[in-house]
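Enquirer: Sequence plus predicted model, see below.
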Amino acid sequence: MKLFPILIAALSPALCSPAHAWDAVPQKVADSVYVFVGDTGPRTATNEGMNATTGFVVTPAGVVVIDSGSSKHVAAKIEAAVRQITAQPIRYVINTGGQDHRWLGNGHFADQGIPVIASEKTAADIATRGGTWADGMAKRLGPAFAGTRVQGPTRRFATRKTLTLGGESIELIFAGGGHTPGDIIVWLPRQRVAFAGDLVFMDRLLGILPVSSVPHWLASFDALAALRPALVVPGHGTPAPLAKADKETRDYLARLRAHMKKAVDAGEDMQAAIATFDDKDFAYLPIYTELRGQNANRAYLDAETE
Ligand SMILES: [Zn+2]
């Protein structure tokens, strides 16, 4: 397989800020399951780009880290946080998707010989867009990004893969992606916990990217719901029952898709379609004002190609 190691050299000291770092305090949400809940605002130097939720699973035969974080430095903090909980070695690292904070810490773990696993689509996504994500994070983090490189997954799978470790089953499910092309669900059947990565945003408005697909995202959400999880760990926000994910992610996407599809079918132009989309039920969510326009724009473009 191909790897794409690109050293990130150009760091601007002018962008360095004396920040309070991302604190990397793990919260236990189920037996053997821990999460790091990041800010729900934008990526900043202060939060080290970790405006995201990630986590890890401890088994009697080792630890599985779910998402490697936004830099080598953050990956090292994840490893240190795991050490506070268990002496078990980290056996696997999973990238739930192709967005920066899911995988920019990969090099830290790959350098220790720890397998990094993602979907084929995420591997391709990192190969294509990884450098752009890394450049953006380098500008934001300045010297705190030092030592970070673009490192894709060292193992990949197409649609499903089950890791069996210390008696635990950890199921990796690709159901079409959505926010990014390779987004997966990490399903823990014993605890009935689903790490949904960027397929679920809670406590803030979700962001539709140029590479997102609203129909694929909704299909992936259906696959998540079909698991009947007791708890959903979102890609952004605090873990909560499925009903909250349904309201703050699926319902928003479904309404947006239906509105834009109807507009496209009626030959309505984009500006008119955006102006008539009623999203005020989601106005309580942080970053609503910043993202609602671009989301509507991208959903319209998606509807045109459906
Ligand atoms: Zn994200």
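Expert: Done, it's in.
Enquirer: elements contacting the longest helix seen in the chain?
Expert: For the chain, the helix that runs over the most residues, judged by DSSP state H, is helix 120-141. Secondary-structure packing of helix 120-141 (3 or more CB pairs under 8 Å, 6 or more residues apart in numbering; DSSP states H and E): helix 100-103, strand 155-157. Yep, even glycine has a C-beta here, placed from its N, CA and C like the rest.
Enquirer: anything in the first one near the ion?
Expert: No. Helix 100-103 does not reach the ion (CB under 5 Å from the ion); its nearest approach is 5.9 Å.
Enquirer: which residues of the stretch 1-150 of the chain fall in helices?
Expert: Listed from the start of the chain, the stretch 1-150 of the chain has helices (DSSP state H, counting those that start in this stretch) covering 72-85, 100-103, 106-110, 120-141.
Enquirer: Of the ones you listed, which stretch is the most buried?
Expert: The densest packing among the helices of the stretch 1-150 of the chain, expressed as mean neighbour count by mean count of other CB atoms under 10 Å, is seen in helix 100-103 with a mean of 29.
Enquirer: Flag every residue of the stretch 151-300 of the chain that's near the ion.
Expert: 198, 235.
Enquirer: Smallest gap between the stretch 151-300 of the chain and the ion, at which residue?
Expert: For the stretch 151-300 of the chain and the ion, the shortest gap (CB to the ion) falls at Asp198, measuring 4.2 Å.
Enquirer: For that residue, which three-state class applies?
Expert: Taking DSSP: H, G, I helix; E, B strand; the rest coil as the rule, one finds Asp198 in the strand state.
Enquirer: Distance check, Val74 against the ion.
Expert: Counting by CB to the ion, to the nearest Å, the separation of Val74 from the ion is 14 Å.
Enquirer: So which residues of this structure form strands?
Expert: Per DSSP state E, the chain carries strands over the ranges 27-30, 33-37, 53-59, 62-66, 90-94, 116-119, 155-157, 160-165, 168-174, 184-188, 193-201, 231-236.
Enquirer: deepest of those, which one?
Expert: Most buried of those, by mean neighbour count (mean count of other CB under 10 Å): strand 193-201, with a mean of 30.
Enquirer: strands paired with that one, and their directions?
Expert: Here strand 193-201 is paired, per DSSP bridges, with strand 184-188 (antiparallel), strand 231-236 (parallel).
Enquirer: thinking again about what came up before, turn the helices and strands packed on helix 120-141 into TSV, including mean pLDDT.
Expert: What follows is these, written out as TSV (pLDDT from 0 to 100):
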stretch	mean pLDDT
helix 100-103	98
strand 155-157	98
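Enquirer: picking that back up, among the strands paired with strand 193-201, which comes closest to Tyr34?
Expert: With distances scored as CB to CB, the stretch of the strands paired with strand 193-201 nearest to Tyr34 is strand 231-236 (10.0 Å).
Enquirer: and the angle from the closest one to strand 62-66?
Expert: Direction vectors for strand 231-236 and strand 62-66, defined by axes from the mean of the first three to the mean of the last three CA atoms, to 10 degrees, enclose an angle of 50 degrees.
Enquirer: How far off centre is strand 231-236?
Expert: Centre-to-centre, strand 231-236 and its host chain are 9 Å apart (CA atoms, centre = their mean, to the nearest Å).
Enquirer: That one - what's its average pLDDT?
Expert: Averaged across strand 231-236, the pLDDT comes to 98.
Enquirer: now the angle between strand 33-37 and that strand, please.
Expert: Going by the same axes, to 10 degrees, strand 231-236 makes 30 degrees with strand 33-37.
Enquirer: Return the residues in contact with the residue of the stretch 151-300 of the chain closest to the ion.
Expert: Contact criterion CB atoms under 8 Å, 6 or more residues apart in numbering gives 96-97, 99, 102, 178-180, 183, 235-236 as the residues in contact with Asp198.
Enquirer: so Gly167 touches Val57, yeah?
Expert: No. In this structure, Gly167 is not within contact of Val57 by CB atoms under 8 Å, at 11.9 Å.
Enquirer: any idea how far the ion is from Ala123?
Expert: Noted for Ala123: a distance of 18 Å to the ion, by CB to the ion.
Enquirer: what's the nearest residue to that residue if we skip its chain neighbours?
Expert: Residue nearest to Ala123 in three dimensions, not counting chain neighbours: Arg156, with 4.6 Å by CB to CB, 6 or more residues apart in numbering.
Enquirer: wait, that neighbour sits on Val116?
Expert: No. Arg156 sits out of contact with Val116 when judged by CB under 8 Å, with a separation of 9.4 Å.
Enquirer: For Ala76, give its distance to Gly235.
Expert: Ala76 is 22 Å from Gly235, where distance means CB to CB, to the nearest Å.
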